[in-house]
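Asks: From the sequence below, what's the structure:
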Amino acid sequence: LDPAGLSKESIGATVDFYSLCLILYELLTGKYAFGDRKVELTKEGRLHDLETPPDSPAVLRPEIPVVLARLCRKCLEVKPGDRVPSASELKEGLAPFLSPVHNYLKQLTSSCEATTRRYSRLQGLVDARIAGANDLLPEDLARDEDLAQLLVDWRQRNEGQPTRQSEKFEDIREAFRQIRHAALLGDPGAGKSTMLRRLALDIAESARSHAEGAVPVLVELGGWKEDGAIEDYIAEKVPELKGWLDLKHPRRPLVLLLDGLNEVPASKRNAKAELVNQLAKNLPSNVGLVVSCRQEDYVGEVVLDLDTITLEPLSPARVHAALGQWAEKDGLAPEIAEDLFWQLCGQQDLRELLTEWKARVRGEDAFWEASDEEIRKICGKWTTAMSAYRADSRSLLTLAANPFMLTMHYMVWWGERELPANRGDLVR
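Replies: Numbering: from 1, shown residues only. The predicted structure follows:
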């Protein structure tokens with residue numbers, strides 16, 4: 001019961017909201033809102049020890065969406081005037097958590113957390129069209145009729161070929177915040193599928209905290225074998241959103257994450273790519289799109305009319321960081337991850353040199369790009385270890401530049417705490 005009601009203060013709809021959210025609090029946390037607080041009436045007719053609201057449900061269950069926890073807590077304010085003022089506002093606040101989207105996001109989050117547990121930052125190259133490029137000349141050049149005519153002629157020759165700009169991202173997740181529609185490319189094992197699931201996880205976590213946040217729709221294209229609209233296939237693959245998902249008139253912003261265009265049967269790939277192109281052209285402005293494809297298959301008519309994001313191999317420094325991260329997740333000591341990395345490298349002489357390099361120069365990437373002479377100048381020691389490392393075609397560290405192969409190395413090492421001597425033994 002509401003303290004305001006028991007103490008004969010102003011009674012209204014907010015009294016019912018209070019009682020409703022006491023029940024909601026218990027459903028969310030499994031505990032009473034006021035725990036073991038002793039409740040008794042004072043001489044003034046007030047409820048002793050209920051003059052402060054309970055803690056937010058998120059204090060007990062951090063995974064509860066921030067918006068829902070805030071709404072529940074607001075309805076439990078001591079003063080009726082501080083609570084949600086109307087049933088319509090309470091209904092609006094609860095609506096996102098009563099729709100199929102809430103359960104879908106919860107399931108997607110759980111699934112993606114499991115598959116991206118070993119995700120490490122990936123770098124990549126973005127090739128994007130520059131919207132509106134060359135539309136205008138600076139005022140002083142615009143007055144020059146000859147220059148203006150040259151621009152007209154250039155545009156006519158390059159009609160339909162927009163100006164493009166390339167940019168390298170150290171963390172490719174940043175690129176997706178700037179590009180609305182993109183094709184995600186990479187070699188086999190480069191991390192395309194894992195990257196899409198990491199994006200889905202990022203977007204889903206945000207959507208669970210913000211009622212108007214974008215909803216990720218993750219779909220594998222490998223099963224798209226039948227003829228028909230891609231919109232129907234997407235709807236079929238996310239039955240949890242049946243009756244809610246509408247790509248033409250979305251209820252909330254969406255991000256379509258379509259994984260594996262190269263997995264579509266080769267005989268139908270060109271036609272399916274054209275359907276994806278049509279989808280991209282017709283999507284509303286609040287619907288994003290990322291389509292992954294193996295780079296070697298992204299040719300001819302499969303090339304989409306989208307910006308591209310190409311994943312790059314892991315540098316030795318990123319392999320080093322990934323192993324440290326994985327070892328920490330698995331409860332291993334840092335020195336164990338160090339030993340594994342140098343087993344991969346095969347040049348133990350570089351181990352001490354890297355320690356000295358990092359003490360003098362910030363950034364490990366520069367070490368792996370340095371020549372023997374540059375290492376001598378920084379570390380004060382002559383060595384041919386870096387040249388030997390680069391000349392070693394059998395180095396497992398070179399193979400581990402592929403995220404899938406790095407994972408395989410780790411799995412093999414996990415059982416024996418030792419790596420095979422060469423690549424052949426690794427894949428037997």
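Asks: For the stretch 251-400 of the chain, just list every one of the helices.
Replies: With DSSP state H, counting those that start in this stretch, the ranges of helices along the stretch 251-400 of the chain come out as 266-282, 316-329, 334-345, 349-360, 365-369, 372-379, 385-391, 396-399.
Asks: Looking at these, which is nearest to H210?
Replies: helix 266-282 (25.4 Å; C-beta to C-beta). In short, each C-beta sits where N, CA and C put it, glycine included.
Asks: just to revisit the earlier point, could you redo the helices of the stretch 251-400 of the chain as a markdown table and give each row mean pLDDT?
Replies: Converted to a markdown table, the helices of the stretch 251-400 of the chain look like this (pLDDT from 0 to 100):
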| stretch | mean pLDDT |
| --- | --- |
| helix 266-282 | 95 |
| helix 316-329 | 94 |
| helix 334-345 | 92 |
| helix 349-360 | 90 |
| helix 365-369 | 92 |
| helix 372-379 | 89 |
| helix 385-391 | 88 |
| helix 396-399 | 90 |
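Asks: Mind putting those helices into a markdown table with distance to G124?
Replies: Formatted as a markdown table, the helices of the stretch 251-400 of the chain follow (distance: least, C-beta to C-beta, whole Å):
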| stretch | distance to G124 |
| --- | --- |
| helix 266-282 | 20 |
| helix 316-329 | 12 |
| helix 334-345 | 22 |
| helix 349-360 | 25 |
| helix 365-369 | 15 |
| helix 372-379 | 27 |
| helix 385-391 | 23 |
| helix 396-399 | 19 |
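Asks: Ok, which of the ones you listed comes nearest E26?
Replies: Using C-beta to C-beta, the nearest of those to E26 is helix 316-329, at 34.0 Å.
Asks: Check the offset of that closest one from the chain's centre.
Replies: Mean C-alpha position of helix 316-329 versus that of the full chain (C-alpha atoms, centre = their mean, to the nearest Å) differs by 19 Å.
Asks: Render the CA-only coordinates of it in CSV, please.
Replies: Taking C-alpha atoms only, helix 316-329 is exported to CSV below (Å, rounded to 0.1, in the frame of the first residue of the first chain):
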residue,chain,number,x,y,z
PRO,A,316,51.5,-8.7,-34.1
ALA,A,317,50.6,-6.1,-31.5
ARG,A,318,46.9,-7.0,-31.8
VAL,A,319,47.6,-10.7,-31.6
HIS,A,320,49.6,-9.9,-28.5
ALA,A,321,46.8,-7.9,-27.0
ALA,A,322,44.1,-10.5,-27.9
LEU,A,323,46.0,-13.3,-26.2
GLY,A,324,46.4,-11.2,-23.1
GLN,A,325,42.7,-10.5,-23.1
TRP,A,326,41.7,-14.1,-23.6
ALA,A,327,44.0,-15.4,-20.9
GLU,A,328,42.5,-12.9,-18.5
LYS,A,329,39.0,-14.1,-19.3
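Asks: Show me what it is packed against.
Replies: helix 334-345, helix 365-369, helix 403-416 (3 or more C-beta pairs under 8 Å, 6 or more residues apart in numbering; DSSP states H and E).
Asks: what's it in contact with?
Replies: 117-118, 120-123, 314, 333-334, 336-338, 340-341, 344-345, 363-365, 367-368, 397, 400-401, 406, 410 (C-beta atoms under 8 Å, 6 or more residues apart in numbering).
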